[in-house]
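Trainee: got a structure for you, letters missing:
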């Protein structure tokens, strides 16, 4: 996937897990963590602990975190000064 391509991610009770949606894009360990966070946001929203707008904000933050992680993985590693 190139740097300028867009990715469609679905959140919600009927959406496939992020592990399936983003397989091969991020490490499985990271995807499991992001999946747990997405489910936590969903559960809090469904149980009235956070509003719909707060859930949307949390999902946006989660997407930004995933995008940042992907960029970190795409950056070439710098050698430490000797």
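Mentor: Sure, I can see it. Keep in mind that what you see is a predicted model, and the values were worked out from it rather than measured. Numbering: from 1, shown residues only.
Trainee: now the top helix by length along the chain: buried residues?
Mentor: Longest helix in the chain by number of residues (criterion: DSSP state H): helix 52-74. Within helix 52-74, the residues scored as buried using 16 or more other C-beta atoms under 10 Å are 55, 58, 59, 62, 66, 69, 70. C-beta coordinates here come from the backbone N, C-alpha and C atoms, glycine included.
Trainee: tell me what the closest residue to the last one other than its chain neighbours is bridged to.
Mentor: If I follow you right, that is residue 70. Of all residues not flanking residue 70 in the chain, residue 26 sits nearest, at 6.0 Å (C-beta to C-beta, 6 or more residues apart in numbering). Beta-bridge pairing for residue 26 (DSSP bridges): residue 23.
Trainee: tally of neighbours for residue 26?
Mentor: 18 (other C-beta atoms under 10 Å).
Trainee: pretty sure it sits against residue 67.
Mentor: No - look at residue 26 against residue 67 with C-beta atoms under 8 Å: they stay out of range, at 9.9 Å.
Trainee: before I go, just wanted to say thanks for your time.
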